[in-house]
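J.: Structure for the following, please:
(chains A and B)
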Amino acid sequence: MIRFEGVTRVFGTVKAVDGLDLTVYDRELCILVGPSGSGKSTMLRMINRLIEPSEGRITLDGNDVTTLRPETLRRSIGYVIQSVGLFPHLTVAANIATVPELLGWDRPRISSRVAEMLSLVGMEPSLYRDRYPSELSGGEAQRIGVARALASDPPVVLMDEPFSAVDPVNRLRLQDEFLSIQRELKKTVVFVTHDVDEAIRLADRIAVVRSGRLVQYDKPEQILENPADPFVAAFVGADRALKRLSRFLVRPFVHAAVSATINSDLDAPRPPGGPRYLWVTEADGTLLGSLDTSLAARCGEARACVSEENIREMAVLPDSSLKEALSRMIGTSARSLPVVDGQFRLVGEISLSDVEEASEKQSREPRGGVPAASEGAE
Amino acid sequence: MRSAGAARILRSWLPFALLAGLFVFLTVDAAAWRAGLRAAFPDQRDTMYPRADPAWLVGEHLILVGVSSVLAIACGVGVGVLVTRPRGRQFLPVAEKLAAVVQTFPPAAVLALSVPALGFGISPTIAALFLYSILPILRNTLAGITSVSADVTDAARGMGMTPAQSLARVELPLALPVILAGVRTSVIVNVGTATIGATIGAGGLGAPIISGLVNQNPAFLAEGTIIVGLMALTIDSLFAALERGRGTPRHSGGASRGRPRDSAAV
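T.: Residues are numbered from 1 along each chain as shown, chains lettered A, B, ... in the order given. Next up is the predicted model:
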């Protein structure tokens, strides 16, 4: 547990952090979010004493951080920064080994730990250990940055805008990967970002910071639901109902789809009031397109009338967020979407009423779903 | 892989090996000199600087260059490191200016000025060479260390390196290529400049040159200039080989590396 008690930091005449009281709970991902210059980075850097408070104190599991030598303290806390800060003259392996080496681990232990860390961040050890940072892409370098921070298995990890220098597509992917690592390792993470969407996607708890002060500290759903003041409301944005949907996965709302295989005969009479559209698949279930049931009678075989238009834009994955589903419904003017698996096989459908139901339900029970894992996945 | 590595090593060290071989041969074999210079300058009575063998002159010259360069490296790198530490930062501009001012004096003037203080002979020459060669080393040390990206040093600190560890493991290794380039420049310049030490009795390869000028004896001149030139080339090729030997892919900047390839490789 990390606790700020009346912490103030003054730079010259500016109070970068002003009387901060904040408790970061064990094994939670706490995100400090606020506009640039709001003091969130200063808050983060005071935890590992890169910056010392002017007033107040910070405790880590009850111990004042100033009782430890700064170097000892920092070696027990993982640290990831925006620009990665990999050592350009050292190989990937040597970079990851930095803290274990400072802690005096023996060679075999360091070597196996490096391989373990590379695998953890999804990079093949034999392929990457001997590369230099200049031979990595931005996304790869950022993964190495995370691996380096986790190498000594610190209980606490500090991350200062770790994904903001990466392009949007890779940022989403890195966020997803980081979430799955965090679900597995359950570190106490303090994470700084100015990106509200990132905070909502990732955080267990969000601290909204403004001018060095803590404005609101709560779970993402609560921040979206009950912003403490107009500043928070404006900061999370007028689309906060939509943002809330990004916390929900499609998976729990999937229901059986009305579908027909490509060769099936459509002559059979349909009950009136049935769905207007049905999904057409290959014999093995691969989604091909949609079909207007009002035309079905005239088609004979499904093949004759199937429309493949927009089908790629319509399909969502079970791990897509409801926000993405809603956006695709609007984008394709469809009231329901096919849900497919990784091989593009139809597994069910989700309709607008499901999304509406979800947004009503979440008002009643906050944290109704796990954070959305994949947005922007194909 | 191994043969490629061996070929690379051979390629980097070959120029140095050839030049060093020639240099050692001309230093040691006085008889060859005598024959060669007599053939080149048949109408000179004395064709070789009579007061000392080439080997002796080379020895004196190496002492002048070696002592002054070692002092200049120790001092230049030392001061460069000190004024880039948090506590020494305030002296950084002063150090830069001072070194620049010293560099503007012509070496002959520094030599002349140091005679009253240190007398004639080796020590004023070493002092002049030392002062003269600090600047490139200091300037490159400063450039090398300050060009290490702040993110890299922040990461080093944030991961729990002590200031000394950060210096030894991160800052100096990253600054090394730039520092080495400064050392190279200053040592090469020193080899040439040390010849004027002969005017105040420091000996070295300047002795036959000065004597040749005074006595209008081109053979003496040739003896001194050829060996001095070869010495400079040999040392330069040594540095070139050292620099190439450390040819791992790296960027001392650190901050922006790899970004352009972002989408391609992820």
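
J.: Phi first, then psi, for the residue positioned nearest the centre of chain B.
T.: For chain B, the residue nearest the mean C-alpha position is residue B:187 (1.8 Å; CA atoms, centre = their mean). Main-chain dihedrals, residue B:187, degrees, to the nearest 10: phi -70, psi -40.

J.: Find the nearest non-adjacent residue to it, please.
T.: residue B:69 (5.0 Å; CB to CB, 6 or more residues apart in numbering or on different chains). To be clear about C-beta, it is placed using only N, CA and C from the backbone, and glycine gets the same treatment.

J.: contacting residues around that neighbour?
T.: B:129, B:133, B:183, B:186, B:187, B:190 (CB atoms under 8 Å, 6 or more residues apart in numbering or on different chains).

J.: ok, so of those residues, who is nearest chain A?
T.: Of all these, residue B:183 has the smallest distance to chain A: 18.4 Å, by CB to the nearest CB.

J.: The helix or strand the closest one falls within - contacts with which helices or strands?
T.: Taking DSSP states H and E as the criterion, residue B:183 maps to helix B:172-193. Judged by 3 or more CB pairs under 8 Å, 6 or more residues apart in numbering or on different chains; DSSP states H and E, helix B:172-193 is in contact with helix B:54-82, helix B:122-146, helix B:218-245.

J.: hang on, the earlier thing: check whether the residue nearest to the centre of chain B really touches residue B:65, as I assumed.
T.: Yes. If you go by CB atoms under 8 Å, residue B:187 and residue B:65 touch, sitting 6.8 Å apart.

J.: Only the buried residues of stretch A:91-110, if you could.
T.: A:91-102, A:105, A:110 (16 or more other CB atoms under 10 Å in any protein chain shown).

J.: Now tell me what touches that stretch from outside.
T.: A:71, A:75, A:86-87, A:90, A:111, A:113-114, A:117-118, A:128-133, A:136, A:144, A:147-148, A:151-152, A:154, B:159-161, B:165.

J.: Spit out the contact partners of whatever residue of the stretch 1-150 of chain A ends up closest to chain B.
T.: With CB to the nearest CB as the measure, residue A:85 is the residue of the stretch 1-150 of chain A nearest to chain B, at 3.1 Å. Residue A:85 makes contacts with A:145, B:149, B:151, B:152, B:154, B:155, B:156, B:158, B:254, as judged by CB under 8 Å, 6+ apart.

J.: And the lowest mean pLDDT element among the helices and strands of chain A?
T.: helix A:293-299 (a mean of 71; mean pLDDT, DSSP states H and E).

J.: other SSEs contacting that one?
T.: Helix A:293-299 packs on strand A:277-281, helix A:302-305, going by 3+ CB pairs under 8 Å, 6+ apart.

J.: among those, which is nearest chain B?
T.: strand A:277-281 (32.5 Å).

J.: What is that closest one packed up against?
T.: Counting by 3+ CB pairs under 8 Å, 6+ apart, strand A:277-281 packs on strand A:259-261, strand A:287-292, helix A:293-299, strand A:346-351.

J.: a markdown table for these, including mean neighbour count and distance to residue A:220?
T.: Formatted as a markdown table, those follow (neighbours: other CB atoms under 10 Å in any protein chain shown; distance: least, CB to CB, whole Å):
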| stretch | mean neighbour count | distance to residue A:220 |
| --- | --- | --- |
| strand A:259-261 | 18 | 36 |
| strand A:287-292 | 21 | 33 |
| helix A:293-299 | 14 | 40 |
| strand A:346-351 | 21 | 22 |
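
J.: For residue A:320, which of these is the nearest?
T.: Checking those against residue A:320 by CB to CB gives strand A:346-351 as the closest, at 9.2 Å.

J.: contacting residues around that closest one?
T.: With CB under 8 Å, 6+ apart, strand A:346-351 has contacts from A:250, A:253-259, A:279, A:281, A:285-287, A:316, A:318, A:325, A:335-341.

J.: State the distance from residue A:8 to residue B:175.
T.: 37 Å (CB to CB, to the nearest Å).

J.: Name the SS class of residue A:89, please.
T.: Following DSSP: H, G, I helix; E, B strand; the rest coil, residue A:89 is assigned to coil.

J.: repeat for the one 10 residues further on
T.: Three-state secondary structure (criterion: three-state DSSP) places residue A:99 in helix.

J.: per-residue pLDDT, it?
T.: Residue A:99 is assigned 96 on the pLDDT scale.

J.: how about the nearest residue to it, chain neighbours excluded?
T.: residue A:152 (4.4 Å).

J.: how far away is the one you found from residue A:133?
T.: For residue A:152 relative to residue A:133 (CB to CB), the value is 20 Å.

J.: that older thread, helix or strand: which one has the residue nearest to residue A:99?
T.: Judged by DSSP H and E, residue A:152 forms part of no helix or strand.

J.: OK, contacts around residue B:227?
T.: Residues near residue B:227 by CB under 8 Å, 6+ apart: B:23, B:26, B:27, B:54, B:57, B:58, B:205.

J.: Mind picking the two most distant members of the residues you listed?
T.: It's B:23 and B:57 that sit farthest apart of the contacts of residue B:227, by CB to CB, at 12.9 Å.

J.: How about residue A:121, nearest residue that isn't a chain neighbour?
T.: Closest to residue A:121 by CB to CB, 6+ apart is residue A:143, at 4.1 Å.

J.: Need phi/psi at that neighbour.
T.: Taking degrees, to the nearest 10 as the convention, residue A:143 sits at phi -60, psi -40.

J.: Please give me every residue in contact with it.
T.: For residue A:143, the contacting residues are A:121, A:122, A:123, A:174, A:177, by CB under 8 Å, 6+ apart.

J.: Can you give me the domain assignment for chain A?
T.: A:2-236, A:251-364 (automatic domain parsing).
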